[in-house]
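> The sequence isn't on hand, but the structure is:
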């Protein structure tokens with residue numbers, strides 16, 4: 001725990017409520033499909049991502065497994081499956097979830113891993129060199145400046161995030177391994193945007209900017225200076241709040257499968273997508289999952305229209321686009337109007 005106290009506490013962040021909520025929703029239900037955080041530099045994007053990791057539950061992992069497999073469940077690699085089939089007992093250890101960062105200049109082999117073709121040809125053995133997607137299994141995968149990555153690399157990341165599996169195929173040789181991670185991408189729109197097809201693949205999107213309130217800006221400076229002067233003392237100061245938030249996330253993860261969503265709520269989500277002219281059906285799916293995660297965080301037994309309204313702006317921010325000659329949509333206002341008519 002001592003090394004974690006050099007990380008700025010999540011609950012000590014000032015403002016940026018939508019960004020923090022989006023990160024927590026995706027932590028509660030990674031199948032939401034990742035969070036894209038857009039904003040100028042110096043708005044605590046990377047700080048929030050690193051701080052999130054210390055709030056998440058410790059993981060049970062198989063000792064010696066390259067992919068950090070869980071000892072139980074169906075999402076285990078072929079090596080662990082072979083050991084179980086042979087009657088071996090998988091040794092288990094516990095570790096804190098961590099943030100795996102993707103280098104901006106990473107090649108495809110560095111991301112997905114590589115197969116030693118020469119060894120395969122001469123010895124018949126499939127020798128696999130794991131990549132970032134292996135390292136990120138059951139962790140947080142953080143991609144800073146995601147808009148500067150090659151589109152193909154972004155596609156690979158999003159495919160793995162959606163399927164929970166990474167498949168590497170070279171010259172007729174195929175290797176797969178589990179790759180389930182919490183995906184977080186950050187970007188500065190001034191440096192270029194993502195293609196609409198890639199934007200839509202991110203489950204949630206939030207836009208952040210510098211805080212204009214003087215008192216809040218002063219508080220940011222004062223907290224940061226106290227942290228830099230004594231990280232451990234600052235962590236102790238916020239430990240009670242961190243523990244409360246950690247427990248809140250733990251409970252939400254546990255009860256998530258029990259959260260019910262009525263047909264009326266699903267119809268309201270569909271009506272929202274239709275009236276805002278959202279393409280495809282991904283927004284409907286993400287809205288349901290995000291609203292369920294929000295209800296779990298709020299300790300509610302089922303999803304209501306208020307929970308849909310709370311997550312709708314981050315579900316639709318990157319999916320609603322003004323047609324030529326139209327003014328930009330007021331997503332929050334339209335959501336209140338449309339859901340109010342239900």
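Sure, I can see it. This structure is a prediction, so every number in the text was calculated from the model and none was measured.
> Sort out which residues of the one helix or strand residue 235 maps to are buried, please.
Taking DSSP states H and E as the definition, residue 235 sits inside helix 231-237. Under the neighbour-count criterion of 16 or more other Cβ atoms under 10 Å, helix 231-237 has 231, 234-235, 237 buried. Quick note: C-beta positions are derived from backbone N, CA and C, even for glycine.
> same thing with stretch 202-216?
Buried residues in stretch 202-216, counted by 16+ other Cβ under 10 Å: 202-208, 211.
> ok, back up a step: can the buried residues of helix 231-237 go into CSV with extra columns for distance to residue 36?
Converted to CSV, the buried residues of helix 231-237 look like this (distance: Cβ to Cβ, whole Å):
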residue, distance to residue 36
231, 29
234, 29
235, 29
237, 32
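> Okay, now stretch 102-111: how far is its last residue from its first?
Stretch 102-111 has an end-to-end distance of 8 Å (criterion: Cα to Cα, to the nearest Å).
> related to what we said a few turns ago, in a markdown table, list the buried residues of stretch 202-216 along with distance to residue 281, secondary structure and pLDDT.
Shown next, in a markdown table, are those (distance: Cβ to Cβ, whole Å; DSSP: H, G, I helix; E, B strand; the rest coil; pLDDT from 0 to 100):
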| residue | distance to residue 281 | secondary structure | pLDDT |
| --- | --- | --- | --- |
| 202 | 16 | coil | 90 |
| 203 | 13 | coil | 92 |
| 204 | 16 | strand | 95 |
| 205 | 17 | strand | 94 |
| 206 | 22 | strand | 94 |
| 207 | 24 | strand | 91 |
| 208 | 28 | strand | 91 |
| 211 | 36 | coil | 89 |
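> Can you pick out the most distant pair from these?
Greatest spatial distance among those (Cβ to Cβ): 203 and 211, at 25.5 Å.
> ok now the helix holding residue 235, how far from the chain's centre?
Remark: helix 231-237 is offset 26 Å from the chain centroid, using Cα atoms, centre = their mean, to the nearest Å.
> buried ones in the helix or strand following that helix?
Per DSSP H and E, the first helix or strand lying C-terminal to helix 231-237 is helix 239-255. Across helix 239-255, burial judged by 16+ other Cβ under 10 Å covers 242, 245-246, 248-249, 252-253, 255.
> Of these, which is the nearest to residue 113?
residue 253 (28.5 Å).
> Residue 158 reaches residue 200, doesn't it?
No: counting by Cβ atoms under 8 Å, residue 158 sits too far from residue 200 to count as a contact (9.6 Å).
> where exactly do the strands run in the stretch 101-250 of the chain?
Ranges of strands in the stretch 101-250 of the chain, per DSSP state E, counting those that start in this stretch, are 114-115, 128-129, 140-143, 165-170, 173-178, 182-187, 204-208.
> As CSV, the ones you listed with distance to residue 74 would be great.
As requested, those are arranged in CSV below (distance: least, Cβ to Cβ, whole Å):
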stretch, distance to residue 74
strand 114-115, 24
strand 128-129, 20
strand 140-143, 21
strand 165-170, 11
strand 173-178, 9
strand 182-187, 19
strand 204-208, 26
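> Residue 14: which of these is closest?
The closest approach between residue 14 and any of the strands of the stretch 101-250 of the chain, judged by Cβ to Cβ, belongs to strand 204-208 at 12.2 Å.
> What strands line up against that closest one, and which way round?
In the sheet, strand 204-208 lines up against strand 35-39 (parallel) (DSSP bridges).
> list the helices and strands the helix or strand just after the strand it pairs with packs on?
The helix or strand immediately downstream of strand 35-39 is helix 45-53, counting by DSSP H and E. Packed against helix 45-53 by the contact rule (3 or more Cβ pairs under 8 Å, 6 or more residues apart in numbering; DSSP states H and E) you find helix 17-28, strand 35-39, strand 99-101, strand 140-143, strand 182-187.
> same thing but at 7 Å, please
Applying 3 or more Cβ pairs under 7 Å, 6 or more residues apart in numbering; DSSP states H and E, one finds that helix 45-53 contacts helix 17-28, strand 99-101, strand 140-143, strand 182-187.
> need the ones you listed in JSON lines with mean neighbour count, can you?
Below are the helices and strands packed on helix 45-53 laid out as JSON lines (neighbours: other Cβ atoms under 10 Å):
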{"stretch": "helix 17-28", "mean neighbour count": "22"}
{"stretch": "strand 99-101", "mean neighbour count": "18"}
{"stretch": "strand 140-143", "mean neighbour count": "24"}
{"stretch": "strand 182-187", "mean neighbour count": "25"}
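> Need these in JSON lines (columns: distance to residue 217 and mean pLDDT).
JSON lines is the format used below for the helices and strands packed on helix 45-53 (distance: least, Cβ to Cβ, whole Å; pLDDT from 0 to 100):
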{"stretch": "helix 17-28", "distance to residue 217": "16", "mean pLDDT": "95"}
{"stretch": "strand 99-101", "distance to residue 217": "27", "mean pLDDT": "92"}
{"stretch": "strand 140-143", "distance to residue 217": "26", "mean pLDDT": "92"}
{"stretch": "strand 182-187", "distance to residue 217": "21", "mean pLDDT": "90"}
